[in-house]
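J.: sequence and computational prediction follow.
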Amino acid sequence: MIALSPAMVGTPLGVLAPGGRSRPVAIWLFAVAAFVWLMVVVGGATRLTGSGLSITEWKPVSGALPPLDPGAWAELFRKYRASSQYRLINQGISLEQFKVLFWWEWAHRLLGRCVGLVFALPFAALLIAGRVPARLIGRCVVLFALGALQGAVGWWMVQSGLEGRASVAPERLAVHLGLALALLAALVWTGLEAWAGPARGRPTGRRLFGVFAVGVFIQCLMGALVAGAGGGRVDTDWPLMGGRLAPDDYWRGALWTTLAHGPSAVQFNHRLMAYGLLASGVALLALAIRSGSAPLPRLTAITLLLLLFQAGLGVATLLTGDSLTLALPHQADAAILLVMATALAWRARRA
């Protein structure tokens, strides 16, 4: 991830200071954000390798231990062979092939448990030491609750693909990814608040930068719908779609079926949102240059460059049909772009 130094967001370096400012808390929150970003990346690899449905049970505590003997492996494999994914896609795979799927999903779930510990243990220590500013304690508790909720949402998503489908429901995938990204953005925002302390005077706003960050978040959700509905495997030309400006099979007979489950529709919507974000990024850069706030143009330019890189990755992934080498960086960069858009919105609010 891109390191968000205080210099980049326009706040001075310093040691722990009173008045609602705490450098140790900020560093801890940024570290947790890095773990959440890593979880998003591993989750993307789990999806791209088709591993997410390899573990058919949710055991928050005992599931932390992998199978330790041949009997345990055989039992897990037996349960997987009863799933729809095995019957419809992976029928006949060997135990060794199943183990590859299993380790991806197990690593993803283990990383989720580690994120919980990386948050909870330092939080307790910082609280006991009196290092957490009073104004941020409630926010940190909410962040922990969101992280705990993410585990339940992940299992809710997996359940949608265990019977009757060979993959998870696109809308549940979008909720799962969206909650992780919302947590990532909230960690970065709260970390910046901890480093800089309360705003001096009344924040000026600059709401367009906040609207842009929300747009990036929505685009990430639309990307999840593309992944869940298989939208990246249809109309693999650009800038046209199947040789046309708009796909012939956009409408699927019902609004929800079209917007969440239509492969061509979700890809077309994702493209349009990308064009809108690119135009917005250019406009924000012009606004930032005119603002007279020293760090704002630099942050906006970095964000726009990340956005251009992200768009290029998306087009390359579509044209080459590369399901891992390009698609995984595409998801990783989307999370980094959201981090930068969040930092930009935070800085613009204090400009």
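T.: Looks like it arrived, so ask away. Every value quoted in this text rests on a predicted model; they were computed, and no experiment measured them.
J.: tell me where the protein is predicted with low confidence.
T.: 1-19, 201-205 (pLDDT under 70).
J.: what residue of it is the furthest out?
T.: Within the chain, the residue lying farthest from the chain centre (CA atoms, centre = their mean) is Gly71, at 36.2 Å.
J.: and it, that one's in a helix?
T.: Yes: the assignment for Gly71 by DSSP: H, G, I helix; E, B strand; the rest coil puts it in a helix.
J.: I'd like the numbering to begin with 2 instead of 1 from here.
T.: Noted, 2 is the first residue going forward, which turns the last one into Gly72.
J.: show me what contacts Ala275?
T.: Contacts for Ala275 (CB atoms under 8 Å, 6 or more residues apart in numbering) come out as Gln220, Ala312, Gly315. C-betas here are computed from N, CA, C, even on glycine.
J.: rerun at 6 Å
T.: Listed by CB atoms under 6 Å, 6 or more residues apart in numbering, the contact set of Ala275 reads Ala312.
J.: so it is in which element?
T.: Ala275 is part of helix 264-292 when elements are defined by DSSP states H and E.
J.: list the neighbours of stretch 90-103 that are in contact with it.
T.: Residues outside stretch 90-103 that contact it (CB under 6 Å, 6+ apart) are Ser52, Ser55, Phe78, Ala167.
J.: let's verify the residue lying closest to the first one once chain neighbours are set aside: helix, strand, or coil?
T.: Closest residue to Ser52 apart from its sequence neighbours, by CB to CB, 6 or more residues apart in numbering: Trp105 at 3.7 Å. Of the three states, Trp105 takes helix according to three-state DSSP.
J.: my guess is Trp105 meets Gly51, correct?
T.: No: using CB atoms under 6 Å, Trp105 makes no contact with Gly51, being 8.9 Å away.
J.: compare these two (neighbour count), which wins?
T.: Trp105 (22 against 17; other CB atoms under 10 Å).
J.: from Ile290, how far out is that one?
T.: Applying CB to CB, to the nearest Å, the value for Trp105 to Ile290 is 45 Å.
J.: with Ser85 instead?
T.: Here Ser85 is placed at a distance of 54 Å from Ile290 (CB to CB).
J.: now swap in Leu222 and tell me
T.: Counting by CB to CB, the separation of Leu222 from Ile290 is 30 Å.
J.: neighbour count winner among the two?
T.: Shown here are Leu222 and Ile290; by other CB under 10 Å, Leu222 has more neighbours (19 against 13).
J.: surely the more buried one touches Arg173?
T.: No: assessed by CB under 6 Å, Leu222 is found out of contact with Arg173, at 11.9 Å.
J.: skipping adjacent residues, who's closest to Leu185 in space?
T.: The nearest residue in space to Leu185 (CB to CB, 6+ apart) is Val37, at 4.7 Å.
J.: so the one you found sits in a strand?
T.: No: read with three-state DSSP, Val37 is helix and lies in no strand.
J.: that one: neighbour count?
T.: Neighbour tally, Val37, other CB under 10 Å: 29.
J.: residues near Leu273, how many?
T.: Neighbour count of Leu273, defined by other CB under 10 Å: 12.
J.: again with His109
T.: Neighbours of His109 under the rule other CB under 10 Å: 21.
J.: my guess is it meets Val41, correct?
T.: No: counting by CB under 6 Å, His109 stays clear of Val41, with 10.1 Å between them.
J.: by contact count, what packs against the helix or strand hosting Trp196?
T.: Element membership for Trp196 (DSSP H and E) is helix 171-197. Packing partners of helix 171-197 (3 or more CB pairs under 6 Å, 6 or more residues apart in numbering; DSSP states H and E): helix 24-49, helix 135-160, helix 208-230, helix 328-350.
J.: one more pass at 10 Å, please.
T.: helix 7-10, helix 24-49, helix 96-129, helix 135-160, helix 208-230, helix 264-292, helix 328-350 (3 or more CB pairs under 10 Å, 6 or more residues apart in numbering; DSSP states H and E).
J.: now do the buried residues in the second one.
T.: Just to be clear, that refers to helix 24-49. Residues of helix 24-49 classed as buried: 24-27, 29-31, 33-49 (neighbour count, 16 or more other CB atoms under 10 Å).
J.: among the helices and strands packed on helix 171-197, which comes closest to Leu178?
T.: helix 208-230 (4.5 Å; CB to CB).
J.: run the angle between the closest one and helix 24-49 for me.
T.: On the basis of axes from the mean of the first three to the mean of the last three CA atoms, to 10 degrees, helix 208-230 is oriented at 30 degrees to helix 24-49.
J.: helix 208-230 packs against which elements?
T.: Where contact means 3+ CB pairs under 10 Å, 6+ apart, helix 208-230 is packed against helix 24-49, helix 171-197, helix 264-292, helix 296-321, helix 328-350.
J.: what do you get if the cut-off is 6 Å, keeping everything else the same?
T.: Applying 3+ CB pairs under 6 Å, 6+ apart, one finds that helix 208-230 contacts helix 171-197, helix 264-292, helix 328-350.
J.: tabulate those helices (JSON lines), appending distance to Cys141.
T.: What follows is the helices and strands packed on helix 208-230, written out as JSON lines (distance: least, CB to CB, whole Å):
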{"stretch": "helix 171-197", "distance to Cys141": "7"}
{"stretch": "helix 264-292", "distance to Cys141": "30"}
{"stretch": "helix 328-350", "distance to Cys141": "17"}
